[in-house]
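Q: Got a predicted structure plus its sequence, pasted below:
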Amino acid sequence: MNIAEKLASEIRRVTELKAQYEALDGTHGVNVKPAIHMMDAALKYAIKSAGLPDAVTQIAALRDLEGFTS
């Protein structure tokens with residue numbers, strides 16, 4: 001798998017994770033808004049970096065996304 005494929009895969013994974021967090025927000029006193037905002041910022045950066053001819057930027061974006069776990 002190359003960097004572009006891995007980045008696309010992580011964008012999909014974190015997008016799904018963000019949706020799960022959004023479903024939890026406010027239930028049983030859970031506040032996940034900070035995590036949602038962090039995911040949103042990382043996703044925007046990853047999407048932007050995917051269109052750049054800069055592997056270093058793409059790898060940085062990939063590492064950001066890999067940091068999000070469920």
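A: Perfect, thanks for sending it.
Q: pLDDT score for residue 1?
A: Predicted confidence (pLDDT) for residue 1: 85.
Q: Pull the contacting residues for it.
A: Taking C-beta atoms under 8 Å, 6 or more residues apart in numbering as the definition of contact, the neighbours of residue 1 are residue 9. For the C-beta atoms, the positions are set from N, CA and C on the backbone; glycine is no exception.
Q: Please tell me how far it sits from residue 9.
A: Spatial separation of residue 1 from residue 9 under the definition C-beta to C-beta, to the nearest Å is 7 Å.
Q: Same question for residue 17.
A: 13 Å.
Q: Which elements pack onto the top helix by length along the chain?
A: Ordering each helix of the chain by length in residues (DSSP state H) puts helix 3-24 first. With contacts defined as 3 or more C-beta pairs under 8 Å, 6 or more residues apart in numbering; DSSP states H and E, the secondary structure elements packing on helix 3-24 are helix 33-50, helix 55-66.
Q: So for the shortest one, what gets flagged as buried?
A: Which is helix 55-66. If you call a residue buried by 16 or more other C-beta atoms under 10 Å, then helix 55-66 has these buried ones: 58, 61-62, 64-65.
Q: who wins for proximity to residue 27 among the helices and strands packed on helix 3-24?
A: With C-beta to C-beta, the closest approach to residue 27 among the helices and strands packed on helix 3-24 belongs to helix 33-50: 12.7 Å.
Q: what does the closest one rub up against?
A: Residues external to helix 33-50 that are found in contact with it (C-beta under 8 Å, 6+ apart): 4, 7-8, 10-11, 14-15, 17-18, 21-22, 25, 57-58, 60-62, 64-65, 67-68.
Q: Could you pull out the buried residues of it?
A: Counting neighbours by 16+ other C-beta under 10 Å, helix 33-50 gives 35-36, 39, 42-43, 46, 49-50 as buried.
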